[in-house]
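**Q** this one's sequence-less:
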């Protein structure tokens, strides 16, 4: 399993996140080439090395200056979806902005589509978020974990006036995440940074057991007296084949509820929203309820840190008035992503291991689907070609 671990002792912002990935080797020239697919004026960035408390890291600064900074979520979504970026990058970028829009809408008491972004809506923040999506998708990681997040304290001057730190939107975004105490009197985590880690991270806590391949340091704008203002990113893999690694249990939470009065359209929407909000798995099972009424059992598998956030979604988006929860153990085989060449083109596949031996290999459905549509070939033939090629890779 390929893992990205984010260590943010002094918080996180969009530019710090992107800079940390560039620092450990993500090709910034490729990122800039993709960013130019956005339907905007010429994009200029300044990437350089800077020192914080004797630690050298990378900074990422957008040099573009706009006269118009006020955009709604609908405007931003149109900019992103109207570009020539890949669907994966578009979807991730929009998901990050949607999280910010929903938080701002709740804080200001208006629908998310009508929220007017100011600082976050400026083009430099759009570039930070789209750049972050480009960088993390290029890594093809299987799991992102983030350390507990410090927010900072004090007062900030914004387009809305003087507001307390942490910003209300930042707090709203990070509901359900694990936070950390900090005595640094500045805004440590921005709404942009909060939305990026909340969208990507499956859990918040200590670094998981992993073999580190690369580390990167993203330097923040301020040089704090108290501590090095750095976001550290670690890229690595779980230790495949180590003693009983595949047998180790991961402690998770199951949420479940029986429902017999909900529209199937809402049910489908609920499932999508839970998965996009970080649920590790969720599914419906047909059941027979009281008075022999047919119903569905909703089951959600999640990390403890997201329990309350997902409960909130279930109660808000479904007709359920009660949810059961209980701890479970999950045993997962280590896996890694490989590229497999077929006569239809190259696609990704996941190979699973037990005690160091490959025991299962499956092509990525979305990659196979894209090739099938591109080549005008039946999907089943594309999948069969990938499996045939994989049979020689499993060893």
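**A** Sure thing, it's come through. Because the structure is a prediction, the values reported are computed rather than measured.

**Q** just give me the neighbour total for the nearest residue to residue 48 once chain neighbours are set aside.
**A** For residue 48, ignoring the flanking residues on the chain, the nearest one in space by CB to CB, 6 or more residues apart in numbering is residue 59 at 5.7 Å. (Glycine included, C-beta is placed from N, CA and C.) For residue 59, the neighbour count with other CB atoms under 10 Å is 21.

**Q** bridged to residue 298, which residues?
**A** Bridge pairing for residue 298 (DSSP bridges) gives the partners residue 257, residue 284.

**Q** show me where the protein has its helices.
**A** Applying DSSP state H to the chain gives helices spanning 14-23, 28-35, 73-81, 87-108, 123-139, 168-173, 191-200, 264-276, 307-317, 365-375, 379-390.

**Q** which of these sits most buried?
**A** Most buried of the helices of the chain, by mean neighbour count (mean count of other CB atoms under 10 Å): helix 14-23, with a mean of 28.

**Q** what residues does that helix touch?
**A** Helix 14-23 has contacts (CB atoms under 8 Å, 6 or more residues apart in numbering) with 6, 8, 28, 31, 47, 57-62, 125, 128-129, 131-132, 135-136, 139, 190, 192-193, 196-197, 216-221, 230-233.

**Q** now do it: distance to the chain's middle.
**A** Chain-centre distance of helix 14-23: 14 Å, with CA atoms, centre = their mean, to the nearest Å.

**Q** what about the residue most central in space within the chain, distance to residue 142?
**A** Central residue of the chain (CA atoms, centre = their mean): residue 200, 1.6 Å from the mean position. Remark: distance between residue 200 and residue 142 (CB to CB, to the nearest Å) = 12 Å.

**Q** residues touching the residue nearest to the centre of the chain, list them.
**A** Contacts of residue 200 (CB under 8 Å, 6+ apart): 4, 136, 144, 146.

**Q** hey, what's the last one bridged with?
**A** Spelled out, it's residue 146. Beta-bridge partners, per DSSP bridges, of residue 146: residue 6, residue 204.

**Q** verify the contact between it and residue 199 for me.
**A** No - contact between residue 146 and residue 199 fails when scored by CB atoms under 8 Å: they sit 10.7 Å apart.

**Q** show me what contacts the closest residue to residue 34 other than its chain neighbours?
**A** Nearest residue to residue 34, sequence neighbours excluded (CB to CB, 6+ apart): residue 134, at 5.1 Å. Shown in contact with residue 134 (CB under 8 Å, 6+ apart): 30-31, 34-35, 85, 89.

**Q** if I look at residue 134, how far off is residue 36?
**A** For residue 134 relative to residue 36 (CB to CB), the value is 11 Å.

**Q** now swap in residue 288 and tell me
**A** 57 Å.

**Q** now residue 3
**A** 30 Å.

**Q** so which of those two has more stuff around it?
**A** Legend: neighbour count by other CB under 10 Å for residue 3 and residue 36, higher for residue 3 (22 against 12).

**Q** surely the more buried one touches residue 209?
**A** No - using CB under 8 Å as the test, residue 3 is too far from residue 209 to be in contact (9.4 Å).

**Q** where do the contact lists of these two overlap?
**A** Common neighbours of residue 3 and residue 209 (CB under 8 Å, 6+ apart) are residue 238.

**Q** any low-confidence regions in this structure?
**A** Low-confidence segments of the chain, defined by pLDDT under 70: 64-70, 114-122, 158-160, 239-248, 392-395.

**Q** residue with max distance from the center of it?
**A** Distance to centre of the chain, CA atoms, centre = their mean, peaks at residue 291 (42.4 Å).

**Q** quick one: residue 303 and residue 277 touch, right?
**A** No - the pair residue 303 / residue 277 is not scored as a contact, 11.7 Å apart, by CB under 8 Å.

**Q** compare those two (neighbour count), which wins?
**A** Legend: neighbour count by other CB under 10 Å for residue 303 and residue 277, higher for residue 303 (22 against 19).

**Q** ok, residues contacting stretch 213-225?
**A** Residues from elsewhere that reach stretch 213-225, judged by CB under 8 Å, 6+ apart: 10-11, 13, 15-25, 50-53, 55-60, 184, 186, 229-237.

**Q** can you tell me, leaving aside adjacent residues, what's nearest to residue 339?
**A** residue 346 (5.5 Å).

**Q** and the one you found, bridged to which residues?
**A** Where residue 346 sits in a bridge, its partners, by DSSP bridges, are residue 341.

**Q** wait, it touches residue 363, no?
**A** No - judged on CB under 8 Å, residue 346 makes no contact with residue 363 at a distance of 10.8 Å.

**Q** tell me which of those two has more neighbours.
**A** Shown here are residue 346 and residue 363; by other CB under 10 Å, residue 363 has more neighbours (22 against 12).

**Q** list the contacts of the more buried one.
**A** 340, 347-349, 383, 386-387, 390.

**Q** ok, it to residue 141 distance?
**A** Distance of residue 363 to residue 141, given as CB to CB: 18 Å.

**Q** next one: residue 379
**A** In this view, residue 379 and residue 141 are 26 Å apart by CB to CB.

**Q** repeat for residue 388
**A** 27 Å.

**Q** what's the closest of the contacts of residue 200 to residue 282?
**A** residue 144 (18.8 Å; CB to CB).

**Q** list the contacts of the closest one.
**A** Per CB under 8 Å, 6+ apart, neighbours of residue 144: 3-6, 136, 197, 200-202.

**Q** same check on residue 59?
**A** Applying CB under 8 Å, 6+ apart, the residues contacting residue 59 are 15, 19, 46-50, 218-219, 221.

**Q** looking at the residues you listed, which has the most residues close by?
**A** That'd be residue 19 among the contacts of residue 59, by other CB under 10 Å, with 31 neighbours.

**Q** and the closest residue to it other than its chain neighbours, how close does it get to residue 78?
**A** Using CB to CB, 6+ apart and skipping residues adjacent in sequence, the residue nearest residue 19 is residue 218, 3.5 Å away. Residue 218 sits 29 Å away from residue 78, going by CB to CB.

**Q** again with residue 325
**A** 39 Å.

**Q** repeat that for residue 123.
**A** 14 Å.
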